[in-house]
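[1] compute the structure for the input listed below.
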Amino acid sequence: MGMRAKYYLMIISVGLVAITLNTRATAQTGLDAPPPQLGQPLPVNPQVPTNSANPNLIRSPLDPIGLDPLPPTIFPQPESPLDDLVRDQNIYGSIKPNSCVFFTLDLGAIKPNLSQNLFSDVTLSNGRVVPVNVPTTDLDWAVQPHLELGYRLGNGLGGFSISWRMLATDGNGNGSLYGLDSSIKTRLNLQQGDFDYIAPLFRPSRHWDVHYRVGGRILNVYSDSTQSNALAYQHSSNNMFGGGPHAYIEGSRRVERVPGLAAFFGLDGAVIVGNINQNFNATEYLPQGQVMGSSSQFKVMSVPQLVFQTGLSFTPKRAPFTKYSIGYQLEQIWDLGQVNGSSVTLGDMGVFFRGQIDF
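    Below is the predicted model of the structure:
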């Protein structure tokens, strides 16, 4: 055998030895198995060490020492706590999220402003016609109670309520009648009843709550003025009674630094269609006796009403079934007595305290 043949034989022997060793190594490491497909789990090799922090995590043979694919964060961030102001639906707005009966009491210190100019001619029993135009006086501050009883439906379906409000006050002053000093007394009585559907609470953002209510309103406003002295007596009155739709919307802004505290504002509007009745009386004290007469006028018309409220509300966490509010109220009612040149407009302003409790 020549030298060239011996050289080729040595190369072939080395190749066979290398193939044999490679085959044994492949069998031991499992690399002879078909390569894993995309989306399939890697085969488990008991000889491959696992991650001690997570022993259930399957590692590739190419990662025999079990290194994490991503190193742990050097400065880990704590989990963000849930915002109690958003999580606790029993704070702000609806108080209890489930169905319940609720009761609300408002007590307001209100200063009414009555602008009344009632005018009519009255024919006395002796045939004499006298004009009756009794002036009004400033009205005193009054306590305004507002009671509400309602039922809140569960599952965010809203609720229903019925409420009643009353305002009664009077005022005294002086004037001139037939050239002599006279006393003047003005009275006001307002009665209001509502039946409403209360819509579920709406949260347009993290800190704002909005809710509204729609329903019907019955309104009765009575006012009169009396003027008298030793020579004469005159009296005029205006009574408006009617009903119509009304709507109320309220927005509140939560104060995060004081849990349970919120600033709110609300707007209530109504259009009342009702009867306006005006009555006039006049009496003169003559030497031969007294003579008297009366007249009246009537009209059906619409009366717009607008109420604005703003203030602060608070719901204690230890008593989440209660809510307390304090605020300012501004109200205006137009066209209460627009009949034959007469006119009546009522406005009021003042502060109120409100307490609500759920049962």
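[2] only C-alpha atoms for contact and neighbour calcs from this point on.
    Noted.
[3] just the helices from the protein, written as ranges.
    Under the criterion DSSP state H, the chain contains helices at 3-29, 84-87.
[4] could you tell me the least trusted of the ones you listed?
    Of all the helices of the chain, mean pLDDT reaches its minimum on helix 84-87 (a mean of 36).
[5] could you give the bridge partners of the closest residue to Arg217 other than its chain neighbours?
    Spatial nearest neighbour of Arg217, chain neighbours left out: Asp194 (4.5 Å); criterion: Cα to Cα, 6 or more residues apart in numbering. Counting by DSSP bridges, Asp194 is bridged to Ser163, Arg217.
[6] give me the number of residues near Asp194?
    Using other Cα atoms under 10 Å, Asp194 has 20 other residues around it.
[7] that one and Ser125, how far apart?
    Taking Cα to Cα, to the nearest Å as the measure, Asp194 falls 44 Å from Ser125.
[8] run a quick neighbour tally on Val339.
    Val339 sits with 21 neighbouring residues when counted by other Cα under 10 Å.
[9] can you tell me, leaving aside adjacent residues, what's nearest to it?
    Lys299 (6.5 Å).
[10] tell me the contacts of that neighbour?
    Lys299 makes contact with 275-277, 339 under the criterion Cα atoms under 8 Å, 6 or more residues apart in numbering.
[11] at 10 Å instead, please
    Taking Cα atoms under 10 Å, 6 or more residues apart in numbering as the criterion, Lys299 is in contact with 240, 274-278, 337-340.
[12] identify the bridge partners of it.
    In this entry, Lys299 is beta-bridged to Ile276, by DSSP bridges.
[13] what's the answer for Ala109, then?
    With DSSP bridges as the rule, Ala109 is bridged to Val143, Val351.
[14] before we move on, what about Thr186?
    Gly171, Ser225.
[15] one more: Val307?
    In this entry, Val307 is beta-bridged to Asp268, Glu331, by DSSP bridges.
[16] from what I can see it touches Ile333, true?
    Yes - at 8.7 Å, Val307 counts as touching Ile333 under the criterion of Cα atoms under 10 Å.
[17] overlap in contacts of these two?
    With Cα under 10 Å, 6+ apart as the test, Val307 and Ile333 both reach 270, 347-348.
[18] now, among those residues, which is nearest to Asp170?
    Of all the shared contacts of Val307 and Ile333, Asp170 sits closest to Asp348, with 13.5 Å by Cα to Cα.
[19] identify the residue spatially nearest to the closest one, adjacent ones excluded.
    Going by Cα to Cα, 6+ apart, Asp348 has Pro112 as its nearest residue, at 4.1 Å.
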